[in-house]
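J.: Fold the stuff below for me.
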Amino acid sequence: RGYYALELYLDDPFLEAKLITPWKYLAVRYLQSQPSGPARKFRMNVNTTLVINLDRDGERFRSFQRANAGKLNEANGSKNSSTYGNGRNGELYRRFSAYPWQSPTSQANNGSNHQLKEQEAAMMQYPALRYSVKRGEWGDAGCTYSHIRLMEQLLERSAGGDGRRYYIVFEDDARMSPELLGSGLVEAPPDADIVLLSPTSTKSVRIPYKYGEDGYAIRATQSWGAMAYVVTSSGAGKVLRYM
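T.: Below is the predicted model of the structure:
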C-alpha cells in the first residue's frame with residue numbers, strides 16, 4: 001500500500017503545478033504580456049452554450065432549467081421567459097450528454113465492449129483519466145472525460161483551433177447570476193483562452209487592463225473545478241495537450 005501511495009503521488013499531474021506556483025505568480029505578474037485592446041464578447045445562445053448532464057438524470061437537468069429560468073425572470077423584471085435548452089431558436093443553451101464512466105463493477109454487469117475500448121483509449125491518451133481511475137474515482141473520471149469530449153467537439157468544429165469559436169459551459173448543478181442571464185454576455189480580455197465564471201480560483205493575480213473593471217483583469221494561477229467557464233478553440237487545444 002505504501003508503494004501504491006508513493007506511485008500516486010509521483011504520478012500526480014498537479015504536483016508540478018504545486019511546485020512552480022510561486023514562479024507562475026511572478027511570471028504572470030511581471031513577465032507575461034499584458035492584455036490589450038477592447039474586451040472580447042462571448043454571447044450565450046443555443047449554438048455556443050452547453051450544459052453537461054447525464055442522460056439518465058433528466059430531473060437534474062430540469063432542476064437546472066427551473067432554477068435558471070427563475071433567475072432570468074428576475075433579471076427581466078419577472079417577465080415570462082424561458083431558458084429551456086432543447087434546441088429551439090432563441091434559447092440560451094442546450095444540453096450536452098455527460099459520459100457515464102463505467103467502474104470495474106458496472107463493467108462486469110452492463111459494460112459494452114465498445115465502451116470499454118473507448119475508456120481504455122481515452123486513458124492511454126489522457127493521463128488525468130488514468131490518475132482518477134487509479135484512485136477509484138469513477139465519477140471524477142466521467143466528469144473529466146465529459147469535458148474532454150466537449151473540447152474535442154469544439155476543436156472538430158473549428159478551423160484549426162484558431163480561437164474564433166468558443167463554448168460557454170455549465171455543469172448541471174450550476175446556477176447563473178441574474179446579471180449573466182439578463183445580458184447573455186461574457187466579456188474578457190481578447191487574448192483569453194479560458195474564462196472562469198465561478199469562484200474556483202485559489203490563487204490569482206490582478207494585472208493592469210484599462211478596459212477591465214477598475215482598470216484591472218484577473219488571471220488565475222491556480223484553480224479547481226469546472227462548474228462554469230468559457231473556452232475558445234485555441235484554449236481547448238491547450239487544455240487537451242496537457243490532460
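J.: Provide a list of residues in contact with the residue nearest in space to the middle of the chain.
T.: Most central in the chain under CA atoms, centre = their mean is Ala226, positioned 4.2 Å from the mean C-alpha point. Applying CB atoms under 8 Å, 6 or more residues apart in numbering to Ala226 gives the contacts Cys143, His147, Val169, Glu171, Thr200. The C-beta positions use only the backbone N, C-alpha and C, and glycine is treated the same way.
J.: Pretty sure the second one sits against Phe96.
T.: No - taking contact to mean CB atoms under 8 Å, the distance of 9.7 Å between His147 and Phe96 leaves them out of contact.
J.: shaky segments in this structure?
T.: Applying pLDDT under 70 to the chain flags residues 1-32, 70-90, 106-112, 160-163, 200-202, 222-224.
J.: State the phi and psi torsions of Phe64.
T.: phi -60, psi -50 (degrees, to the nearest 10).
J.: mind checking how far the nearest residue to it once chain neighbours are set aside is from Ala98?
T.: Among residues not flanking Phe64 along the chain, Asp172 sits closest, at 4.8 Å (CB to CB, 6 or more residues apart in numbering). Here Asp172 is placed at a distance of 8 Å from Ala98 (CB to CB, to the nearest Å).
J.: Between those two, which contacts overlap?
T.: Ile52, Asn53.
J.: If you count surrounding residues, which of the two has more?
T.: In this view Asp172 and Ala98 are compared by other CB atoms under 10 Å, and Ala98 has more residues nearby, 24 against 19.
J.: residue contacts, that one?
T.: Here Ala98 is in contact with Ile52, Asn53, Leu54, Asp55, Gly142, Cys143, Ser146, Asp172 (CB under 8 Å, 6+ apart).
J.: can you list those residues in CSV and add distance to Val186?
T.: Shown next, in CSV, are the contacts of Ala98 (distance: CB to CB, whole Å):
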residue, distance to Val186
Ile52, 17
Asn53, 21
Leu54, 26
Asp55, 28
Gly142, 26
Cys143, 22
Ser146, 21
Asp172, 19
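J.: Let me have those residues in TSV, extended by secondary structure and distance to Pro189.
T.: Output for the contacts of Ala98, formatted as TSV (DSSP: H, G, I helix; E, B strand; the rest coil; distance: CB to CB, whole Å):
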residue	secondary structure	distance to Pro189
Ile52	strand	26
Asn53	strand	30
Leu54	coil	34
Asp55	coil	36
Gly142	helix	32
Cys143	helix	28
Ser146	helix	27
Asp172	coil	29
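J.: Next, give me the two most distant ones among the residues you listed.
T.: Asp55 and Cys143 (14.6 Å; CB to CB).
J.: coming back round to it: quick one: what helix or strand has the residue nearest to the centre of the chain in it?
T.: Assigned by DSSP states H and E, Ala226 falls within no helix or strand.
J.: Ok, Phe170 next?
T.: strand 166-171.
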